[in-house]
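> Sharing a model that was predicted from the sequence below.
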Amino acid sequence: MAEEGTPLLLSGSSRDITTGKAAERALPVANRRKDALLATLAHALRSPLAPIRRAAEVLRMLAHKDPTRQNAVGIIDPQVSQMVRHVDNLLDVHRISRGDMLLRAERVDVASAVRAAVETSRPLIEAGEHHVLMSLPHAPITITGDAARLAQALSNLLDHAAHDTPTGGQIALTVVRDGARVRIAVTGNGGGLLADRCDDVFALSSRVQHDGQGALGIGLALVRGIVQLHGGEVRALGDGQGQGCSFEMWLPVTEPLPSPDMAPSVTANGVPAAAVGAKAQGLRILIVDDNVDFAESEATMLELTQHIVCVVHDARA
């Protein structure tokens with residue numbers, strides 16, 4: 001430096017960041033292409049899975065006197081059901097990422113959603129010989145949301161707990177009201193999560209460990225998306241490997257459901273449940289589907305339950 005303070009020399013370094021910036025700009029495009037590829041793959045898998053599932057149901061109906069066939073169907077059916085759920089989860093994650101998932105908002109009894117989720121996850125729970133402890137409040141708790149989607153999110157949490165918990169383990173499911181919100185917690189005594197990974201498990205690219213084997217976290221990514229669409233939040237809690245883990249869903253509470261005396265039971269399409277029960281047998285049913293295998297297997301299943309079925313494969317027919 002000169003006597004008057006003027007610098008004579010400057011030291012420094014430079015680095016070419018062109019490649020890094022180009023990769024950064026390309027990342028959103030790559031993510032969109034990846035999501036589109038996954039959605040295309042899920043759609044492609046969904047078509048052949050539908051007739052396989054129906055064929056398995058037909059075999060189950062016909063195999064009641066054949067133990068060998070019963071055992072075979074007992075293997076096929078739950079495995080296909082799991083594949084269908086994985087494919088559906090993948091499609092739903094894609095819908096959420098595009099903002100295309102629509103909710104059928106209604107007042108939902110939390111306890112009913114919890115029981116529906118347990119029934120959906122029962123095959124995995126029974127396969128692992130797990131014991132489920134449910135703690136539900138005596139007073140009804142209702143929220144505004146999509147009952148099917150909420151049950152789907154809860155079932156995904158139960159599936160994760162069933163995978164993560166060793167054979168014969170324990171899964172706790174508790175529902176507690178906390179002011180204007182309800183907390184639904186699913187806790188297993190399995191492998192557990194590291195504290196610094198609790199936020200990462202909800203990412204689609206995350207790999208969650210189950211007994212030493214990695215599994216894509218599609219189900220957990222869907223849980224986060226569904227809960228956020230309902231104005232809630234989901235958290236993962238863990239103290240490390242071998243310490244078990246807990247997932248908590250927090251959802252806003254709304255006013256109670258109307259009395260059952262004022263709201264007759266209806267089916268999904270609005271038909272009174274009593275009327276459906278009165279005509280459960282002998283319906284005349286038309287199936288229109290360009291998936292020939294699915295349509296034929298569906299018709300066979302319905303005919304075995306005493307319905308009259310006609311099958312066509314295009315609108316003109």
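Perfect, I can see it now.
> all contacts plus neighbour counts: C-alpha atoms, from now on.
Noted.
> where does the stretch 201-317 of the chain dip in pLDDT?
Scanning the stretch 201-317 of the chain for pLDDT under 70 picks out the ranges 204-217, 239-244, 255-281.
> Work out for me the element the closest residue to residue 83 other than its chain neighbours sits within.
Nearest residue to residue 83 in three dimensions, chain neighbours excluded: residue 49, at 8.0 Å (CA to CA, 6 or more residues apart in numbering). In this assignment (DSSP states H and E), residue 49 forms part of helix 18-62.
> tell me the contacts of the residue nearest to residue 83?
By CA atoms under 8 Å, 6 or more residues apart in numbering, the contact set of residue 49 is 80, 83-84.
> Just the buried ones from the residues you listed, in ChimeraX syntax?
Filtering the contacts of residue 49 down to the buried ones (16 or more other CA atoms under 10 Å) takes a single ChimeraX command:
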select :80,84
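> Quick check: residue 153 touching residue 230?
No: using CA atoms under 8 Å as the test, residue 153 is too far from residue 230 to be in contact (11.2 Å).
> Pick out whichever of those two has more residues nearby.
Neighbour count, other CA atoms under 10 Å: between residue 153 and residue 230, residue 153 has more, with 25 against 19.
> got a list of what the more buried one touches?
Counting by CA under 8 Å, 6+ apart, residue 153 makes contact with 219, 222-223, 226-227.
> What subset of the residues you listed is buried?
Those of the contacts of residue 153 that meet the buried threshold are 219, 222-223, 226-227, by 16+ other CA under 10 Å.
> can you give me the helices in the stretch 201-317 of the chain?
Using DSSP state H, counting those that start in this stretch, the helices found in the stretch 201-317 of the chain span residues 218-229, 273-278, 292-304.
> What residues sit buried inside the last one?
Residues of helix 292-304 classed as buried by neighbour count (16+ other CA under 10 Å): 293-303.
> and which of those residues is nearest residue 42?
residue 294 (17.0 Å; CA to CA).
> Could you find the closest non-adjacent residue to the closest one?
Of all residues not flanking residue 294 in the chain, residue 51 sits nearest, at 4.0 Å (CA to CA, 6+ apart).
> repeat for residue 282
Nearest residue to residue 282 in three dimensions, chain neighbours excluded: residue 307, at 4.4 Å (CA to CA, 6+ apart).
> Measure how buried the one you found is and give me the count.
Residue 307: 17 surrounding residues under other CA under 10 Å.
> Now for it: which residues touch it?
281-285.
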